[in-house]
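> Here you go, sequence then predicted model.
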Amino acid sequence: LAQTEFVCAMIETVMARAGLTPLSIGRLDVYFSAGTVQDVSEMLALIAARFDHGPLIVPIPVPHFYYDGMLIEVDVFAAGNLQVRTPFEADGVRLEMVDAGEQVWAYASVTLHDSMAGRAADLIANALDQNGLHHDHLLGDLWMVSGDDSQTVATAISAQQHQMFTNPDALVRLAEPALPVVAATLTFGKAPVAVLTGTNPDDGLRLTLKTSGRMLWGNGTCADPNLDLVGQTSAIMQGLDAGLHAAGASFAAVVKLTAHYTGGASEEELHGNMKVRHGFYASPGPASTGLPVAGLGNDKCRIAIDVIAVWD
């Protein structure tokens, strides 16, 4: 809780430096390593009380951090013209939405017992539809599950059938304690969404770039079992770099990079893939997050990388 208080104060300081108030915050991705469900509940309650205007608060438990004593890290998404919508709850699904001007950010979660996991994507898609959010405007997505492999497979298949899942290899398996059972953070563009996809089955590289107005979202994974974490990171970053250039952009336009990967608590694994990622952009580069997760949708994948770019 002390670290959470400290990080909340840091967030307020950074917002002020950017000329924004805490009311500009629309989404907080909260990565944490906590021992009990009560610890998590108290931490999330503290954040919700500190930023009580209703931003999306997305809990993402991780197996460990690479720095001794570190227990929490938070990604902050903000917009100058923000509108928080009333949460929607039905059939075991909670859907929270924030209108960020050019985009709508949504967080959908299913918190009922494990037997709901197989129907989770159906329930989420129905809730989105009832609130006017459709797959043809889906710009970016991150799906997260806790539970066994059968739940993971069922969620991935169902989400794909609803065209709400860009890359099943990038599904994140959460560490414990993890509630809800299934969750998704989704970004919808208000301008038409164009999809640029390049999948190479020979080397397991799966890349997708989507554009909506001046916003671009990209995702990449590599399922080549002959490559280690650093090798897969290099293959994905090269693919994203080529995709950005083909779209008329570059890493200079990237404002946020997120890498979820599997691995042990070694400095070599942390700094090895970080060095590769940082080699594609000039300092200071985008806001960058690289954190371990319990697993990914494809066991052959060691890392999944998302990028957000703003371009003219």
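Yes, it's here.

> wait, what's in contact with residue 165?
Each residue near residue 165 by CB atoms under 8 Å, 6 or more residues apart in numbering is listed here: 121, 141, 143, 156, 159, 171. Yep, even glycine has a C-beta here, placed from its N, CA and C like the rest.

> Show me what the one helix or strand the second one maps to is packed against.
Put plainly, it is residue 141. Assessed by DSSP states H and E, residue 141 sits inside strand 138-145. Packing partners of strand 138-145 (3 or more CB pairs under 8 Å, 6 or more residues apart in numbering; DSSP states H and E): helix 149-161, strand 172-173, strand 182-189, strand 205-212, strand 215-222, strand 303-310.

> rewinding a little: what's the closest of the contacts of residue 165 to residue 309?
Nearest to residue 309 among the contacts of residue 165: residue 141, at 16.4 Å, using CB to CB.

> So the closest one sits against residue 193, correct?
No: Residue 141 lies out of contact with residue 193 (CB atoms under 8 Å); the separation is 11.8 Å.

> Of these two, which one has the most company?
Set residue 141 next to residue 193 and count neighbours by other CB atoms under 10 Å: residue 141 wins out with 23 against 20.

> what pairs with that one across the strands?
Beta bridges link residue 141 to residue 186, judged by DSSP bridges.

> before we move on, back to that, redo the helices and strands packed on strand 138-145 as JSON lines? Include distance to residue 60.
Output for the helices and strands packed on strand 138-145, formatted as JSON lines (distance: least, CB to CB, whole Å):
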{"stretch": "helix 149-161", "distance to residue 60": "16"}
{"stretch": "strand 172-173", "distance to residue 60": "8"}
{"stretch": "strand 182-189", "distance to residue 60": "9"}
{"stretch": "strand 205-212", "distance to residue 60": "21"}
{"stretch": "strand 215-222", "distance to residue 60": "16"}
{"stretch": "strand 303-310", "distance to residue 60": "13"}
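
> So for residue 28, which of those sits nearest?
Taking CB to CB, strand 182-189 is the member of the helices and strands packed on strand 138-145 nearest to residue 28, at 10.9 Å.

> got the angle between that closest one and strand 138-145?
Inter-element angle recorded for strand 182-189 and strand 138-145: 170 degrees (by axes from the mean of the first three to the mean of the last three CA atoms, to 10 degrees).

> Can you tell me what sits against strand 182-189?
Contacts of strand 182-189 (CB under 8 Å, 6+ apart): 27, 29, 56, 58, 102-110, 116-117, 120-121, 124, 128, 133-134, 137-146, 151, 155, 159, 164, 210, 212-213, 215, 217.

> could you flag which of those are buried?
Buried subset of the contacts of strand 182-189 (neighbour count, 16 or more other CB atoms under 10 Å): 27, 29, 56, 58, 102-110, 116-117, 120-121, 124, 128, 133, 137-146, 151, 155, 159, 164, 210, 212, 215, 217.

> Give me the contact list for stretch 65-76.
By CB under 8 Å, 6+ apart, the list of residues contacting stretch 65-76 from outside reads 3-4, 7, 11, 14-15, 25, 27-34, 43, 47, 256, 258, 265, 267, 270, 287, 289, 291-292.

> Check which residues of that stretch are buried.
Buried-residue list, stretch 65-76, by 16+ other CB under 10 Å: 65, 66, 71, 72, 73, 74, 75, 76.

> do you know how far the fifth one is from residue 129?
Read it as residue 73. 33 Å (CB to CB, to the nearest Å).

> cool, and the third one?
Residue 71 sits at a distance of 38 Å from residue 129 (criterion: CB to CB).

> Was I right to think residue 241 contacts residue 252?
No: with contact defined as CB under 8 Å, residue 241 does not reach residue 252; the gap is 10.9 Å.

> more crowded one of those two?
residue 241 (17 against 13).

> Low-confidence stretches in the protein?
Counting by pLDDT under 70, the chain contains low-confidence residues at 112-118, 148-149, 151-152, 177-180, 264-268.
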